[in-house]
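Q: kindly generate the corresponding structure for this input.
(chains A and B)
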Amino acid sequence: GAGVSQTPSNKVTEKGKYVELRCDPISGHTALYWYRQSLGQGPEFLIYFQGTGAADDSGLPNDRFFAVRPEGSVSTLKIQRTERGDSAVYLCASSLMLAGPWDTQYFGPGTRLTVL
Amino acid sequence: GNSVTQMEGPVTLSEEAFLTINCTYTATGYPSLFWYVQYPGEGLQLLLKATKADDKGSNKGFEATYRKETTSFHLEKGSVQVSDSAVYFCALRGRDDKIIFGKGTRLHILP
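A: Residues are numbered from 1 along each chain as shown, chains lettered A, B, ... in the order given. All right, here's what the predicted structure looks like:
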């Protein structure tokens, strides 16, 4: 079946603008995760959802970042008043459920965000 | 807090050489350990995993053994191919279910 998809694949914006990044998880996966990968670094956790609710948002860097998953499927990561330091690849992953250490997360291709 | 340290790259090897990429971790409790791979132009993929001490994860000729006594999870392959060129990430998943990644090691295999 289809994997995790993310749109857009690339987004270029100007400092101070608002952006939305979309993630479409694998059908039937209840858990959804957002990560940020800066150049030369590994992915860093931002937030994860179990169903519609944010189970843990402790990785969001500040209140300019917000994510929603209103129907328990598609998720949108929203960044207000973008800054150049927000430039990174934003990765989404989904898993069948938060089922402990045997659960596998499947990653999307990412959205490369560039803030000029 | 939990953390992962892996050897810095890039690592350049000739085809059919033996590969080791070192990874050590710091964690409370008994985390699950993973190796992810990112091929050029593609998304992150799970390569292998181990969920408890002394477990060996293996896939596509790669292996890694969960060593609790040395808090390590080194990735090995006996004979690398050009197609193995990619970035490899060691990672752990702790009791809070978050995955903590290392910085990645870029591997170049020369024909």
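
Q: burial count for B:Glu16?
A: Neighbour count for B:Glu16, taken as other Cβ atoms under 10 Å in any protein chain shown: 10. C-beta here means a position set from N, CA and C on the backbone, and glycine is covered the same way.

Q: I'd say it and B:Lys77 touch.
A: No - with contact defined as Cβ atoms under 8 Å, B:Glu16 does not reach B:Lys77; the gap is 10.4 Å.

Q: what residues are up against A:Val12?
A: Neighbouring residues of A:Val12 by Cβ atoms under 8 Å, 6 or more residues apart in numbering or on different chains: A:114, A:116.

Q: now whatever residue of chain B ends up closest to chain A: closest residue in space that isn't a chain neighbour?
A: At 3.2 Å from chain A, B:Phe101 is the closest residue in chain B, using Cβ to the nearest Cβ. Excluding the flanking residues, the one nearest B:Phe101 by Cβ to Cβ, 6 or more residues apart in numbering or on different chains is A:Gly42, at 3.2 Å.

Q: contact residues of chain B facing chain A?
A: Contact residues, chain B versus chain A (Cβ under 8 Å from any Cβ of the partner chain): B:4, B:31-32, B:36, B:42-46, B:49, B:51, B:89, B:91, B:93, B:96-104.

Q: just the buried ones among these, please.
A: Neighbour counting by 16 or more other Cβ atoms under 10 Å in any protein chain shown classes B:4, B:31-32, B:36, B:43-44, B:46, B:49, B:51, B:89, B:91, B:93, B:97-104 among these as buried.

Q: still on that earlier bit, ok, the residue of chain B closest to chain A touching B:Leu33?
A: No - counting by Cβ under 8 Å, B:Phe101 stays clear of B:Leu33, with 11.6 Å between them.

Q: now for these two: what residues contact both?
A: B:90-91.

Q: just the ones of the buried ones among the residues of chain B next to chain A in strands?
A: Cross-referencing those against strands under DSSP state E gives B:4, B:32, B:36, B:44, B:46, B:49, B:89, B:91, B:93, B:99-101.

Q: I'd like the residues you listed written out as JSON lines, with pLDDT added.
A: As requested, those are exported to JSON lines (pLDDT from 0 to 100):
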{"residue": "B:Val4", "pLDDT": "96"}
{"residue": "B:Ser32", "pLDDT": "91"}
{"residue": "B:Tyr36", "pLDDT": "96"}
{"residue": "B:Leu44", "pLDDT": "90"}
{"residue": "B:Leu46", "pLDDT": "92"}
{"residue": "B:Lys49", "pLDDT": "94"}
{"residue": "B:Phe89", "pLDDT": "97"}
{"residue": "B:Ala91", "pLDDT": "95"}
{"residue": "B:Arg93", "pLDDT": "89"}
{"residue": "B:Ile99", "pLDDT": "88"}
{"residue": "B:Ile100", "pLDDT": "92"}
{"residue": "B:Phe101", "pLDDT": "94"}
